[in-house]
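Student: Here is a sequence with its predicted model. Questions after.
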Amino acid sequence: MVRPGVIIVSPAAAADNNGNWYTAARWRDFLQPAVQASVTQQWVDEPADALIALHARKSAPSIERFRAARPGGPIALVLTGTDLYRDIATSPQAQRSLDLADHLIVLQPLGLMRLSGAQRAKARVIVQSAPLGVPAAVAGDRPPVFVAVGHLRAEKDPLTLMEAARSLDPKERVHIDHIGAALDPGLADAARQTMSDCPHYRWLGGLSHDQTLSAIAGATALVHMSRLEGGAHVVIEAVRAGLPVIASRIDGNVGLLGEDYEGYFPAGDAQTLAAALRRFQADAAWAARLRRQCAERAQDFAPEREAAAVQRLVADMLAAGS
């Protein structure tokens, strides 16, 4: 029996080492038992019964070509953070992709609020997942190590972390490890200067996924300071490793961690972030509450849940396209 073919378009490649690529690769693996799934950066004319595309604007040419070549072929569009919180309001290409897609996918429930009523009618939430990680270290008497993970680009707001580091006195025994490739040379310069000025801040550059997971396991909390996110996979990885999170209060984080989570700071507010890092060190009860709140969310990010949702999506697509 010939298995149906599903192509997943991801503008990011494996070498980019980012969340979109890992989403595409993970979904491919979830689908392989039932369909012939593959990942490509763009669809040209490969045989396919269905198309899943990540990123409304960047995948717009592939979506246009697929719709023209296969008028009845089902298309699912996975909306990224830059889609939801920037491009669909400003980019005609992104808007066209939403119109052409038969299914829209958001990665956390608050993403639905960015869509029109007609768009929500064909949308569903698929929350990403991660395996259970090595249990994160509890600080105890040693200085806490806060880890931040995100390539150096404006959307990830690395300058807020650097400014927070500058407002911390080395005597406060708060250490920050910052992981991310230098996508913006100016931000790389700023990271190097911050590292020179602040011995408690280390920019580690881009690390492999395994190295990043090891850093998460060795840290006492994740700092996630993004200004926009569709649903950050690193937050999920931290929660699945038992690591509490100090996160910017944006929809992409609140949609994952919950409205009542206590570990938020206003996006872009370096002073409040620095105060949260100090509090985490000094207030053991608060740190324990964050750890407990994250632990209560961990099962929401189990791989079997995401796998079932992705498989259900493709079954619906193929049933409608048959």
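Tutor: Cool, got the structure.
Student: quick one, strands of the stretch 1-150 of the chain?
Tutor: Secondary structure of the stretch 1-150 of the chain, counting by DSSP state E, counting those that start in this stretch: strands at 5-9, 36-40, 50-54, 75-78, 103-106, 123-125, 145-149.
Student: Could you look over these and pick the most buried one?
Tutor: Per-residue neighbour counts averaged over each of those give the maximum for strand 50-54, namely a mean of 27 (mean count of other CB atoms under 10 Å). From N, CA and C alone the C-beta is placed, and that goes for glycine too.
Student: Pull up the pairing partners for that strand, direction included.
Tutor: Sheet pairing of strand 50-54 (DSSP bridges) gives strand 5-9 (parallel), strand 75-78 (parallel).
Student: before we move on, back to that, of all the strands of the stretch 1-150 of the chain, which one is nearest residue 69?
Tutor: strand 50-54 (10.1 Å; CB to CB).
Student: then the closest one to PDB, C-alphas only?
Tutor: Coordinates of each C-alpha in strand 50-54 appear next as PDB, following Å, rounded to 0.1, in the frame of the first residue of the first chain:
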ATOM      1  CA  ALA A  50      -0.800  17.600   1.400                       C
ATOM      2  CA  LEU A  51       1.400  20.500   2.400                       C
ATOM      3  CA  ILE A  52       2.200  21.800   5.900                       C
ATOM      4  CA  ALA A  53       4.000  25.200   5.800                       C
ATOM      5  CA  LEU A  54       5.700  27.000   8.700                       C
END
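Student: residues making contact with it?
Tutor: 4-12, 20, 23-24, 27, 43, 59, 62-63, 66, 73-78, 80, 97, 101, 314, 317-318, 321 (CB atoms under 8 Å, 6 or more residues apart in numbering).
Student: Mind checking which of the residues you listed are buried?
Tutor: Members of the contacts of strand 50-54 that pass the buried threshold by neighbour count (16 or more other CB atoms under 10 Å) are listed as 4, 6-12, 20, 23-24, 27, 43, 59, 62-63, 66, 74-78, 80, 97, 101, 314, 317-318.
Student: Please narrow the residues you listed to those residing in helices.
Tutor: Helix and strand membership here follows DSSP state H; of those, those in helices are 20, 23, 24, 27, 62, 63, 66, 97, 314, 317, 318.
Student: Can you tell me how far residue 107 is from residue 240?
Tutor: Using CB to CB, to the nearest Å, residue 107 is found at 15 Å from residue 240.
Student: Residue 205 now?
Tutor: Computed as CB to CB, the residue 205 to residue 240 distance reads 24 Å.
Student: pLDDT value on residue 176, please?
Tutor: On pLDDT, residue 176 comes in at 97.
Student: so who does it touch?
Tutor: If you count contacts by CB under 8 Å, 6+ apart, then residue 176 has 145, 146, 147, 148, 161, 164, 165, 200, 201, 202, 223, 277 around it.
Student: in stretch 120-129, what counts as buried?
Tutor: Buried residues in stretch 120-129, defined by neighbour count with 16+ other CB under 10 Å: 123, 126, 127, 128, 129.
Student: C-alpha coordinates for it, PDB please?
Tutor: Backbone C-alpha positions of stretch 120-129 (Å, rounded to 0.1, in the frame of the first residue of the first chain) are rendered in PDB as follows:
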ATOM      1  CA  ARG A 120     -10.400  31.100  13.800                       C
ATOM      2  CA  ALA A 121     -13.100  28.900  12.200                       C
ATOM      3  CA  LYS A 122     -10.300  27.000  10.400                       C
ATOM      4  CA  ALA A 123      -7.700  27.200  13.200                       C
ATOM      5  CA  ARG A 124      -6.600  24.800  15.900                       C
ATOM      6  CA  VAL A 125      -4.100  24.900  18.700                       C
ATOM      7  CA  ILE A 126      -1.200  22.400  18.700                       C
ATOM      8  CA  VAL A 127       1.000  22.800  21.700                       C
ATOM      9  CA  GLN A 128       4.600  21.800  21.100                       C
ATOM     10  CA  SER A 129       6.400  19.200  23.300                       C
END
